[in-house]
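Novice: coords please:
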Amino acid sequence: MNRSENSCVSQKMMGFIEKSSWIRKMFEQGAILKARHGAENVCDFSLGNPDLAPPASFQESLEKHAADRSPNAHSYMPNAGFPEVRQKVAERVRTDQEVDLEPQHIIMTCGAAGGLNIIFKALLNPGEEVIVPRPYFVEYGFYVDNHQGRLVAVNSKADFHLDLTAIERAIGPSTRAVLINSPNNPTGVIYSDEELDALAGLLLSLSRKIGRAIFLVSDEPYRRLAFSGNTVPPVLAKYPHSMITTSFSKDLSIPGERIGYVAINPEAQDSDALTGAMTLANRILGYVNAPALMQRVTADVLNNSVDVAIYEKRRDLFAEILQDAGLEFIMPRGAFYFFPQSPVQDDTRFVAALQEELILAVPGTGFGSPGFFRLAFCVEDEVIKRSRDGFKRACDKITA
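Specialist: Numbering: from 1, shown residues only. Below is the predicted model:
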């Protein structure tokens with residue numbers, strides 16, 4: 001797209017379009033390849049769009065609430081969500097996060113993206129910073145910018161775990177929050193109890209030093225997708241100035257329904273004021289409230305999820321194929337992504353080589369980590385199996 005000072009589109013948005021999500025770009029490229037070669041011949045690992053059907057309990061609840069013809073079934077509710085739904089969610093969060101919080105600490109949102117936006121709207125003054133370990137979901141930068149903040153990316157360790165030294169060096173007078181995502185998109189890493197304890201200790205110390213709280217924001221849409229007995233530690237139990245946001249997109253396989261929530265630690269500095277600010281943000285950002293039907297449905301199925309064993313089986317199958325092609329990677333412990341190292345430094349060049357084999361991947365450049373690429377294995381087993389020879393040929397050609 002040509003950029004012109006005379007364009008009716010803002011210069012900022014023109015810039016965003018130029019560097020916008022590689023994930024969507026590759027998804028669109030996939031549509032072209034599928035039209036040209038047939039969808040059955042393309043191995044599309046570009047988009048984290050879960051292919052499993054929602055649990056049967058979700059469908060049952062959906063049909064039950066859709067049949068409700070009472071006069072106010074689809075009316076507005078309090079901006080933070082239905083009180084009875086927030087009560088049920090609070091009970092779930094108490095178990096997951098090991099903290100004693102009440103319904104007033106829950107805000108129902110339009111997915112985790114809506115949750116992050118109301119968090120940053122409530123937290124950020126112009127120019128304040130949010131620190132994030134790389135690689136990271138590219139749209140974090142857009143969400144922070146939406147509210148006049150600045151995203152500061154810091155390196156992780158070679159195994160993609162937290163580099164506390166890098167985080168400490170990045171924290172300064174303008175730091176407002178640290179944003180983490182575990183299980184991680186794109187690496188599948190789950191941050192351990194020990195490193196989260198160390199992060200909490202660091203943030204407490206630096207908060208005292210600068211005279212105000214540095215908030216820890218945890219984005220957790222993959223919390224229930226953990227493999228091989230791995231568990232996701234409770235962030236709220238580890239650090240008082242914390243909040244989580246999540247969605248039901250991945251564990252219930254309903255990304256198009258745009259439903260999630262924010263949970264605020266009751267011990268956070270100004271927690272009541274923050275809750276009020278986020279509730280107002282829900283309205284003034286245009287969400288008004290999370291979808292009424294989906295609030296009622298998900299409240300019925302909070303303890304249900306898709307069969308994670310299916311994703312784990314696919315992970316193991318894909319790992320064998322990638323190893324056979326000579327690719328190096330960290331085995332994901334959760335979510336449904338691999339983030340292998342590119343066999344050449346230019347990850348976009350390797351992704352182009354994969355396209356020649358009708359394999360769609362996303363360059364690590366799109367996640368702030370050149371030299372890697374992401375593969376989403378939320379696809380049918382046959383698609384993964386069909387990619388075996390293509391990965392081998394692409395690796396052989398580009399390293400010849």
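Novice: gap between residue 95 and residue 287?
Specialist: 27 Å (C-beta to C-beta, to the nearest Å). Backbone N, C-alpha and C define where each C-beta goes, glycine included.
Novice: Which of these two has more residues huddled nearby?
Specialist: residue 287 (20 against 11; other C-beta atoms under 10 Å).
Novice: neighbours around the nearest residue to that one once chain neighbours are set aside, how many?
Specialist: Closest residue to residue 287 apart from its sequence neighbours, by C-beta to C-beta, 6 or more residues apart in numbering: residue 110 at 4.8 Å. Residue 110: 23 surrounding residues under other C-beta under 10 Å.
Novice: who's in contact with residue 110?
Specialist: The neighbourhood of residue 110, defined by C-beta atoms under 8 Å, 6 or more residues apart in numbering, consists of 258, 259, 260, 287, 290, 291.
Novice: Show me the strands in this structure, by range?
Specialist: Assigned by DSSP state E, the strands in the chain fall at 43-44, 106-109, 129-134, 150-155, 175-181, 215-219, 242-247, 260-264, 337-338, 359-360, 362-363, 373-376.
Novice: Can you lay out those strands as a markdown table showing distance to residue 32, mean neighbour count and mean pLDDT?
Specialist: Below are those laid out as a markdown table (distance: least, C-beta to C-beta, whole Å; neighbours: other C-beta atoms under 10 Å; pLDDT from 0 to 100):
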| stretch | distance to residue 32 | mean neighbour count | mean pLDDT |
| --- | --- | --- | --- |
| strand 43-44 | 11 | 23 | 94 |
| strand 106-109 | 34 | 28 | 98 |
| strand 129-134 | 30 | 23 | 98 |
| strand 150-155 | 31 | 18 | 98 |
| strand 175-181 | 30 | 23 | 98 |
| strand 215-219 | 31 | 25 | 98 |
| strand 242-247 | 29 | 26 | 98 |
| strand 260-264 | 32 | 27 | 98 |
| strand 337-338 | 23 | 25 | 98 |
| strand 359-360 | 10 | 24 | 96 |
| strand 362-363 | 16 | 26 | 94 |
| strand 373-376 | 18 | 27 | 97 |
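Novice: Stretch 359-373: end-to-end distance?
Specialist: 12 Å (C-alpha to C-alpha, to the nearest Å).
Novice: ok, residues contacting that stretch?
Specialist: With contacts defined as C-beta under 8 Å, 6+ apart, stretch 359-373 is touched by 21-23, 26-27, 29-30, 33, 42-46, 134-138, 153, 186, 339-342, 345-348, 350-351, 354, 374-375, 387, 390-391, 394.
Novice: Drop anything exposed from those residues.
Specialist: Among the contacts of stretch 359-373, the ones that count as buried by 16 or more other C-beta atoms under 10 Å are 21-23, 26-27, 29-30, 33, 42-46, 135-138, 153, 186, 339-342, 347, 350-351, 354, 374-375, 387, 390-391, 394.
Novice: Spell out the residue ranges of the helices in the stretch 201-350 of the chain.
Specialist: Along the stretch 201-350 of the chain, the segments classed as helices by DSSP state H, counting those that start in this stretch run 235-238, 271-284, 292-300, 308-324, 347-356.
Novice: Looking at the ones you listed, which is nearest to residue 204?
Specialist: The closest of the helices of the stretch 201-350 of the chain to residue 204 is helix 235-238. By C-beta to C-beta, the value is 10.2 Å.
Novice: neighbours around the closest residue to residue 303 other than its chain neighbours, how many?
Specialist: Residue nearest to residue 303 in three dimensions, not counting chain neighbours: residue 92, with 7.3 Å by C-beta to C-beta, 6+ apart. For residue 92, the neighbour count with other C-beta under 10 Å is 15.
Novice: Same question for residue 88.
Specialist: 18.
Novice: For the spatially closest residue to it that is not a sequence neighbour, list the residues it contacts.
Specialist: Distances taken as C-beta to C-beta, 6+ apart place residue 299 nearest to residue 88, at 4.7 Å, with adjacent residues excluded. Applying C-beta under 8 Å, 6+ apart, one finds that residue 299 lies in contact with 82, 84, 85, 88, 89.
Novice: Low-confidence ranges, the stretch 1-150 of the chain, go.
Specialist: 1-6, 18-24 (pLDDT under 70).
Novice: Could you rerun that using 80?
Specialist: Within the stretch 1-150 of the chain, the stretches with pLDDT under 80 are 1-7, 14-28.
Novice: So which residues of it form helices?
Specialist: Going by DSSP H, counting those that start in this stretch, the stretch 1-150 of the chain shows helices at 11-18, 22-37, 56-66, 83-97, 111-123, 139-146.
Novice: Cool, thanks, talk later.
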